[in-house]
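Student: Fold the following.
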Amino acid sequence: MSADDQVVERVRASFERQGLMRLIGARLTEVGEGRVRITLPSSPQVSQQHGYVHAGATSAIADSAGGYAALTLMADDAEVLTVEYKLNLLAPASGVRLEAVGTVVKSGRTLSVCTLEVHAIDGDEQPTLVAVGQQTLIAVRADSSRSTAPEA
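Tutor: Next comes the predicted model:
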């Protein structure tokens, strides 16, 4: 397995452990060096009272996309946690799905910075930019993070 394949597998395995992403139906659809895309189908389960995708779901996929983008450039023995992020909601999130893209701007030994974009996709129409943001992440030792979900 190549180094690139190992990074992709590491990100995919971590994503599969995320209960929230599974709960809302998000999918990891692209993993590249310093760039990750997560897709969320629109559904009543992630909607708000006006029928748009809820800002909480929009921000959750943006946060995860940035976090995994940063993880692709971190040491093999590191995991990633969000330190902070800011997301501007630019338009109502409507369409058949949302696509969040996290892109690393600066990858440091301890801290990394990512840009976040979320687009609404509706059929063959041009994607609509519904959110943009910036995120700071920290690398932590893999053995210091919780590797399993807490018991219910």
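
Student: quick one: K106 and Q134 touch, right?
Tutor: No. Assessed by CB atoms under 8 Å, K106 is found out of contact with Q134, at 10.9 Å. Every C-beta, even on glycine, is put in place using the N, C-alpha and C of the backbone.

Student: so what sits against both of the two?
Tutor: The overlap between the contact sets of K106 and Q134 (CB atoms under 8 Å, 6 or more residues apart in numbering) consists of V113.

Student: neighbour count winner among those two?
Tutor: Using other CB atoms under 10 Å as the criterion, K106 and Q134 rank with Q134 on top: 15 against 12.

Student: Which per-residue confidence value corresponds to that one?
Tutor: At Q134, the pLDDT value in this model is 99.

Student: go on, A70?
Tutor: pLDDT, read off for A70, is 98.

Student: Ok, D124 next?
Tutor: For D124, pLDDT reads 81.

Student: for the one 4 residues further on, same thing?
Tutor: On pLDDT, T128 comes in at 96.

Student: Count the residues that sit near it.
Tutor: Other residues lying near T128 total 17 when counted by other CB under 10 Å.

Student: roughly how far apart are it and I138?
Tutor: Distance of T128 to I138, computed by CB to CB, to the nearest Å: 32 Å.

Student: same check, this time on P127
Tutor: Between P127 and I138 the distance is 31 Å, computed by CB to CB.

Student: With T39 instead?
Tutor: 26 Å.

Student: repeat for D63
Tutor: 14 Å.
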